[in-house]
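>>> Just the structure for this:
(one chain, ligands or ions: 1)
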Amino acid sequence: LFRNADEGATMEWRRGEFRISDEARDLDIDFVHGELAATYWAEQIPRVVVERSIQNSLNFGIYSAKRQVGFARVVTDHATFAYLADVVVAQPWQAQGLSKWLMEVISAHPRLQGLRRWVLVTADAHGLYEKYGFKPLLKPQSYMEKADPDIYRRAARKF
Ligand SMILES: CC(C)(COP(=O)(O)OP(=O)(O)OC[C@H]1O[C@@H](n2cnc3c(N)ncnc32)[C@H](O)[C@@H]1OP(=O)(O)O)[C@@H](O)C(=O)NCCC(=O)NCCS
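Down below sits the predicted model:
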């Protein structure tokens, strides 16, 4: 079900006990859904929406042995643009450099090179992303968005 969109070779990176993989089939969807449903930005996200987002993203899992401990995904055309989303490291594995390693891996990924623009949205982790070249919007007046932050909290909404 969770095949990589390009069906091409997947990649993995190792550091000590940890492994990062861009193989969608390795992902523990219960882990990803559990972590995202507990965040401030995707509170109550339905599992089926997480599944659909994974099916259409370049996904990164962080694993300790077989156990998934972190996640991020990139929504991209692999040519001009990428949107970094849903970056999480589970609480017991935080503060040991895993998100920084994940950002190094994502930044250097061969299918994410030469892009004209990367974007992300964060409430408080600006300092993490600044290390990898992200900056506040140079021209915020040029940006527009169409946002529905409460979409998952509205019980009537059908997915
Ligand atoms: C934010 C998060 C991904 C960081 O992961 P981590 O593996 O614990 O972080 P690392 O150990 O790799 O260190 C992160 C670096 O970014 C910095 N940083 C900046 N803002 C931060 C923030 N809000 N939270 C954690 N680190 C932050 C840290 O100081 C650290 O830099 P340093 O080593 O120079 O001190 C993780 O705490 C998490 O999943 N939090 C809950 C979900 C979340 O907020 N995700 C980010 C959404 S944009």
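>>> count of residues packed around the closest residue to residue 65 other than its chain neighbours?
Taking C-beta to C-beta, 6 or more residues apart in numbering as the measure, residue 65 lies nearest to residue 17, with 7.1 Å between them; neighbours along the chain are not counted. C-beta: built from backbone N, CA, C; applies to glycine. In terms of burial, residue 17 registers 9 neighbours under the definition other C-beta atoms under 10 Å.
>>> I'd guessed residue 17 sits against residue 62; true?
No. In this structure, residue 17 is not within contact of residue 62 by C-beta atoms under 8 Å, at 10.8 Å.
>>> What's the mean pLDDT across stretch 75-84?
Mean per-residue pLDDT for stretch 75-84: 98.
>>> The longest helix belonging to the chain: which residues count as buried?
For the chain, the helix with the greatest residue count under DSSP state H is helix 98-108. Buried residues in helix 98-108, defined by neighbour count with 16 or more other C-beta atoms under 10 Å: 98, 99, 101, 102, 103, 104, 105, 106.
>>> For the next helix or strand after it, enumerate the helices and strands it packs against.
Sequence-wise, the next helix or strand beyond helix 98-108 is strand 117-119, with elements assigned using DSSP states H and E. Under the contact criterion of 3 or more C-beta pairs under 8 Å, 6 or more residues apart in numbering; DSSP states H and E, the helices and strands touching strand 117-119 comprise strand 81-89.
>>> I would like the residues contacting stretch 55-67, please.
Stretch 55-67 has contacts (C-beta atoms under 8 Å, 6 or more residues apart in numbering) with 1-2, 4-5, 17-24, 26-28, 68-76, 78, 85, 89, 93, 98, 101-102, 105-106, 109, 111-112.
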